[in-house]
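In: Could you work out the structure for the sequence below:
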Amino acid sequence: MRRPPPLPAPETSGAASKRTSRSWDESRSWGDARSRDDGATVPRNDEGLGEDASVVPAPSEAQPSPTGELAVDEAATPERGEDQTAPDAAPRRTGIRDVWRAARARRRALRREVRRFTVRSRRRRLVWLVISAAVLMLIVGSVGAAYSPLFAVERIEVVGTTSLPAATVEEALAGQIGTPLPLVDASAVKAALVAFPLVESYTLEARPPHDLVVRIVERTPIGVIQTDAGWTLVDAAGVALETSPNPPDGRPILEIAGGTTSGAFESAGLVMRALPEAIATQVTRIAATTRDDVTLTLASGTQVVWGAVEETALKAVNLDRAMAARPGMSVYDVSSPASVVVR
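Out: Next comes the predicted model:
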């Protein structure tokens, strides 16, 4: 609570009357001015200032609070952060120097962006150039080394031959010695191997740095057939492998009607190639007049009636089982694989 001020000294009645009149005039003029400015209504007693007369303050005036503090009108107080510049203040004009500074800052930022992206693109291009150069050098080096004397043929190895001497084939291919492995002449190799009738097929295999491997598949002779030149050893395709004046030992004699170009010869060749190895080595004679009446004669004199070439694989299995079950028989008839006849 505030301490109340001291009471004024008593005045004379004349002085009090003058003061009252002057206060009324000042209050009246102040109220009229506030009414014109704020639109507030100030009640006025035309009869004079009495005890019941009161002055209504304007809304914007500060009123004392119950605690003794002044209540401030928040609407009349500017908020924090609001522009309190006087409305009569003119805005600052933009000069040529400000424009020049903004343009220079923009050029600097643009140069930085261009430099950043240019460095990144240069770096990416450099990486690709290095990788491309390395791959190109690797390819060129590999090709150059492969076609250089560093990978020249120094040794020829022949594999897969049984009847044909390997040394003879290697000697026939000696012309490829000293040739780089990628430059080996396949046509020259073929021309050299055609001279050997026993060669049915072949493959070439390069083994760096200096080896050339020739894998040969030999033809399988099925027997000898009598021709005008003598006894000719032939395979299942009718290719003449060799000719001699007398029948060679250990080779079946082919008695085929129509020679090596007939259907009977084709059937005989298919039968000989389907026989198990244990039975094929016992065959001494093969006879066929047509495609469907192939007959085999074994070294023991036993005859095998084969018939046609249909179901040749099944007939070979049944013949092997029948000979194992009942050995030493004179005739094995497998022309009908469903029922084998043994007598």
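
In: hey, let's count contacts and neighbours off CA atoms from now on
Out: Fine.

In: need the contact list for residue 280.
Out: Contacts for residue 280 (Cα atoms under 8 Å, 6 or more residues apart in numbering) come out as residue 272.

In: could you measure it against residue 323, distance?
Out: 13 Å (Cα to Cα, to the nearest Å).

In: Equivalent analysis for residue 311, please.
Out: For residue 311 relative to residue 323 (Cα to Cα), the value is 18 Å.

In: And these two? Which one has more around it.
Out: Set residue 311 next to residue 323 and count neighbours by other Cα atoms under 10 Å: residue 323 wins out with 14 against 11.

In: packing partners for the helix or strand that that one is a member of?
Out: Using DSSP states H and E, residue 323 sits in helix 312-325. Secondary-structure packing of helix 312-325 (3 or more Cα pairs under 8 Å, 6 or more residues apart in numbering; DSSP states H and E): helix 263-274, strand 331-333.

In: winner for burial among these?
Out: Ranked by mean neighbour count, these are led by helix 263-274 with a mean of 22 (mean count of other Cα atoms under 10 Å).

In: residues making contact with the helix or strand harbouring residue 213?
Out: Secondary structure assigned from DSSP H and E places residue 213 in strand 211-218. For strand 211-218, contacts defined as Cα under 8 Å, 6+ apart pick out 153-164, 181, 198-207.

In: just checking, which of those residues belong to strands?
Out: Applying DSSP state E to the contacts of strand 211-218, the entries found in strands are 155-159, 199-207.

In: which one of the residues you listed is nearest residue 307?
Out: Relative to residue 307, the closest of the ones in strands among the contacts of strand 211-218 is residue 200; by Cα to Cα it sits at 28.5 Å.

In: OK, contacts around the closest one?
Out: So residue 200 contacts 216-219 (Cα under 8 Å, 6+ apart).

In: any idea how far it lies from residue 215?
Out: Relative to residue 215, and taking Cα to Cα, residue 200 is found at 11 Å.

In: Residue 268 now?
Out: Distance from residue 268 to residue 215, by Cα to Cα: 28 Å.

In: do residue 304 as well
Out: 36 Å.

In: mind listing what the nearest residue to residue 147 once chain neighbours are set aside touches?
Out: Closest residue to residue 147 apart from its sequence neighbours, by Cα to Cα, 6 or more residues apart in numbering: residue 180 at 5.7 Å. By Cα under 8 Å, 6+ apart, residue 180 lies in contact with 146-153.

In: Do a quick rundown of the helices in the stretch 151-300 of the chain.
Out: Using DSSP state H, counting those that start in this stretch, the helices of the stretch 151-300 of the chain run over 166-172, 186-193, 263-274, 277-280.

In: Please point out which parts of the shortest one sit buried.
Out: In terms of neighbour count (16 or more other Cα atoms under 10 Å), helix 277-280 has its buried residues at residue 280.

In: Give me the distance from that helix to the chain's centre.
Out: Relative to the chain's own centre, helix 277-280 is displaced by 53 Å; criterion: Cα atoms, centre = their mean, to the nearest Å.

In: Please apply the same query to stretch 123-134.
Out: So, by Cα atoms, centre = their mean, the centroid of stretch 123-134 is 22 Å from its chain's centroid.

In: quick one: average pLDDT of the lengthiest helix in the chain?
Out: For the chain, the longest helix by residue count, based on DSSP state H, is helix 96-146. The pLDDT scores in helix 96-146 average 84.

In: do stretch 159-178 as well
Out: 91.

In: so what's the backbone phi/psi at residue 177?
Out: Backbone torsions of residue 177, given as degrees, to the nearest 10, read phi -70, psi 130.

In: ok so, going back, neighbour-wise, which one of the contacts of residue 200 leads?
Out: Neighbour counts for the contacts of residue 200 peak at residue 216, which has 22 neighbours (criterion: other Cα under 10 Å).

In: Burial check on the residue lying closest to that residue once chain neighbours are set aside, number of neighbours?
Out: When the adjacent residues along the chain are set aside, residue 216 lies closest to residue 202, with 4.4 Å between them (Cα to Cα, 6+ apart). Residue 202: 16 surrounding residues under other Cα under 10 Å.

In: residues touching residue 202, list them.
Out: Contact analysis of residue 202 by Cα under 8 Å, 6+ apart lists 214-217.

In: which among those residues gets closest to residue 260?
Out: For the contacts of residue 202, the nearest to residue 260 is residue 217 (21.8 Å; Cα to Cα).

In: Dig out what the closest one forms beta bridges with.
Out: Per DSSP bridges, the residues bridged to residue 217 are residue 201.

In: what's the spacing between it and residue 321?
Out: 30 Å.

In: Just list whatever residues bridge to residue 298.
Out: residue 283.

In: need the helix or strand of the protein with the lowest average pLDDT.
Out: strand 70-71 (a mean of 41; mean pLDDT, DSSP states H and E).

In: Any figure for the gap between residue 136 and residue 183?
Out: As judged by Cα to Cα, residue 136 and residue 183 stand 22 Å apart.
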